[in-house]
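quick one, fold the following:
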Amino acid sequence: MSDELRPAHDVLPFGRAPRPDTGPALTARLRDVMTTNLGDHATGLDRVRIDAETVPGSPDVARIDVDVTGLVVRAMTPADAPDPAETVEHVTARDQAVARAISAQGHPVTVAGVAVDLDVEIRDLRFTWVEGADGSLSIEESGQSTEAPVNGHLRAAASRDALVSTVRELATKALADQGFTLTSLDVDLASRGPRAASIVASAKIRKGFLSASAQITATASIDQAMVLTLSDLGATSRNPVVAALLLAVRGRLDQLDGKRVDLASSLPPGVTLSDVRLEVGEQLVLSVRVG
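Modelled structure (predicted):
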């Protein structure tokens with residue numbers, strides 16, 4: 001089977017062929033795709049600003065600039081999340097391309113009730129335009145190469161109090177599903193260096209006449225080799241009934257305690273994780289650099 005006719009996998013539907021070959025056309029198509037994927041789960045899409053530029057006579061994209069300031073995306077369940085993974089069974093054309101510069105910012109964008117200050121820049125991202133026999137156009141992920149790696153960085157900052165409030169809401173719902181009432185939750189986040197942080201969550205719960213406290217602890221750290229290690233994981237309670245209920249949680253935490261995840265090796269070829277930093281203060285700031 002020729003390269004042009006072989007099936008494509010893991011593609012993002014991108015409207016109808018042919019591919020947009022002008023900046024305004026690409027801008028309009030990007031807005032349509034965003035609306036299709038987020039329309040039922042977001043407000044403020046009319047505030048999103050998109051500006052794109054193509055490369056004349058080439059499938060490449062010169063730049064894409066997106067400003068999502070003011071966009072509000074509600075919390076989504078796995079069933080709500082858009083699924084970009086589809087299959088084009090009859091491919092009629094494939095054109096490899098490079099997005100030379102992509103930038104996104106939100107000051108802020110609100111996700112699941114948390115206002116996030118976001119800045120993203122990506123350079124030299126490879127992809128493939130895929131046209132189907134049904135007239136569809138899709139974008140297929142193309143493997144980056146070590147000779148031409150993707151470069152860029154991400155910075156996301158959110159209020160510590162807002163994150164704790166969101167955790168409290170999620171915990172309240174999860175416990176309510178089990179017949180418990182969360183009466184209080186205190187979350188203590190502490191920095192353990194530029195790539196490490198610890199968390200201590202102390203909760204008081206009630207079920208009928210039963211009232212008790214429980215505590216969950218965890219520490220996460222990333223070393224110079226970009227290996228993530230989870231440690232000091234625990235779930236305890238002085239109440240024997242609650243302690244028994246936490247047995248399943250403790251068993252799972254014991255399995256994760258000391259677990260090491262090589263973040264760098266989990267990335268595809270051509271994508272090199274060069275730095276990850278987490279700042280813990282009034283804001284939680286995550287910085288990631290690739291390339």
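
now the element after the longest helix seen in the chain, going C-ward?
Under DSSP state H, the helix in the chain containing the largest number of residues is helix 160-177. Sequence order places strand 181-191 as the next helix or strand after helix 160-177, per DSSP states H and E.

how far away is the residue lying farthest from the centre of the chain from Ala203?
In terms of distance from the mean C-alpha position of the chain, Phe209 ranks first, at 40.6 Å (Cα atoms, centre = their mean). In this structure, Phe209 lies at 18 Å from Ala203, with Cβ to Cβ, to the nearest Å as the measure. All C-beta atoms are positioned from the backbone trio N, CA, C, and that covers glycine.

for Arg252, same thing?
Between Arg252 and Ala203 the distance, using Cβ to Cβ, works out to 17 Å.

who has more neighbours out of these two?
In this comparison of Arg252 against Ala203, neighbours counted by other Cβ atoms under 10 Å, the higher total goes to Ala203 at 22 against 12.

how about the strands in the stretch 51-200 of the chain?
Assigned strands in the stretch 51-200 of the chain, in chain order: 61-67, 72-73, 86-88, 91-111, 114-132, 136-141, 151-159, 181-191, 196-207 (criterion: DSSP state E, counting those that start in this stretch).

got the ones you listed as TSV, with distance to His41 columns?
As requested, the strands of the stretch 51-200 of the chain are arranged in TSV below (distance: least, Cβ to Cβ, whole Å):
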stretch	distance to His41
strand 61-67	17
strand 72-73	6
strand 86-88	19
strand 91-111	10
strand 114-132	15
strand 136-141	21
strand 151-159	19
strand 181-191	26
strand 196-207	28
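
and the ones you listed, which one is worst for confidence?
Within the strands of the stretch 51-200 of the chain, the stretch with the lowest mean pLDDT is strand 86-88, showing a mean of 62.

could you look up the SS state of Asp46?
Using DSSP: H, G, I helix; E, B strand; the rest coil, the structure places Asp46 in helix.

separation between it and Ala104?
Relative to Ala104, Asp46 is positioned 17 Å away (criterion: Cβ to Cβ).

for Ala148, same thing?
With distances defined as Cβ to Cβ, the gap from Ala148 to Ala104 amounts to 22 Å.

once you drop chain neighbours, what's closest to Thr22?
Using Cβ to Cβ, 6 or more residues apart in numbering and skipping residues adjacent in sequence, the residue nearest Thr22 is Thr54, 5.9 Å away.

pretty sure Leu30 is one of the things the one you found touches, is it not?
No - under the contact definition of Cβ atoms under 8 Å, Thr54 does not touch Leu30, with a separation of 11.7 Å.
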